[in-house]
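Asks: quick one: sequence and predicted model below, then my questions.
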Amino acid sequence: MMRRLYDWVMAKASDERAPHALFWVSFIESSFFPIPPDVMLVPMVLANRLKAWWYATVATIGSVIGGVAGYAIGYFFFEQIGRPILEFYGKSEGFADFQHWFNEWGVWILIIKGMTPFPYKVLTITAGVTHMPLLEFMLASVIARAMRFYLVAGLLYFFGEPIRDFIEKRLSLLTTIFVVLLVLGFVSIKYVF
């Protein structure tokens with residue numbers, strides 16, 4: 001089943017309506033879909049590097065709006081829909097602990113984990129369950145998702161095809177390095193200035 005979903009997404013990436021498909025894949029990935037938008041974003045940018053920033057924008061907007069749907073699942077339908085989604089992704093174990101951390105550090109968790117390959121839908125549902133203020137949720141989502149998609153689009157824009165394998169194999173590492181540098185930047189600003 002996963003292979004068919006992956007093949008479907010890859011086929012849509014080369015279609016003339018690819019930006020629409022990218023939007024919808026980004027939207028549904030934020031609440032339940034298992035395949036990240038990167039599998040469409042990467043071949044789309046490689047096919048037309050001049051539109052890299054537009055494609056990153058489409059993915060960001062779709063992901064943030066879809067994140068609101070995930071938030072609504074957590075807020076209104078956690079037991080009926082949210083918990084089964086978390087169980088599907090193997091994230092129901094320790095959810096109470098994660099929820100505690102999310103209550104304490106929600107915006108930062110959302111920004112940092114939202115830039116990584118961690119299932120974003122887990123974050124959106126958790127934000128709804130914990131009743132995170134919607135404005136904070138949306139702002140953190142815009143930051144996290146834009147940083148993720150613009151990082152991928154930017155690497156592909158500047159380095160093209162040779163960076164594709166590197167990104168696909170090391171996206172987690174690249175994102176982690178970027179997040180560490182970002183956090184160190186915030187810490188240094190707080191304590192130096």
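Replies: Received the coordinates, thanks.
Asks: which regions of this protein lie under the pLDDT threshold?
Replies: 1-14, 164-165, 167-172, 174-176, 178-193 (pLDDT under 70).
Asks: and the helices in it?
Replies: 2-13, 18-29, 38-47, 52-76, 83-88, 95-114, 120-129, 134-159, 161-192 (DSSP state H).
Asks: in TSV: those, plus mean neighbour count.
Replies: Where you see a C-beta, it was placed from the backbone N, CA and C, and this is true even at glycine. Output for those, formatted as TSV (neighbours: other CB atoms under 10 Å):
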stretch	mean neighbour count
helix 2-13	13
helix 18-29	22
helix 38-47	21
helix 52-76	22
helix 83-88	16
helix 95-114	17
helix 120-129	27
helix 134-159	20
helix 161-192	12
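Asks: pretty sure T130 contacts G106?
Replies: Yes: using CB atoms under 8 Å, T130 makes contact with G106 at a distance of 6.5 Å.
Asks: need the residues touching each of these two.
Replies: Counting by CB atoms under 8 Å, 6 or more residues apart in numbering, T130 and G106 have no common neighbour.
Asks: K113 contacts L123, correct?
Replies: Yes: in this structure K113 lies within contact range of L123 using CB under 8 Å: 5.8 Å.
Asks: contact partners for F149?
Replies: 37-38, 41, 55-56, 59-60, 63.
Asks: let's go with 10 Å and repeat that
Replies: 22, 26, 37-38, 41, 45, 52-53, 55-63, 115 (CB atoms under 10 Å, 6 or more residues apart in numbering).
Asks: what about it, distance to V129?
Replies: 25 Å (CB to CB, to the nearest Å).
Asks: just F76 next, same as before
Replies: In terms of CB to CB, F76 sits 10 Å off from V129.
Asks: now do the shared contacts for those two.
Replies: The contact lists of F76 and V129 share G82, where a contact means CB under 10 Å, 6+ apart.
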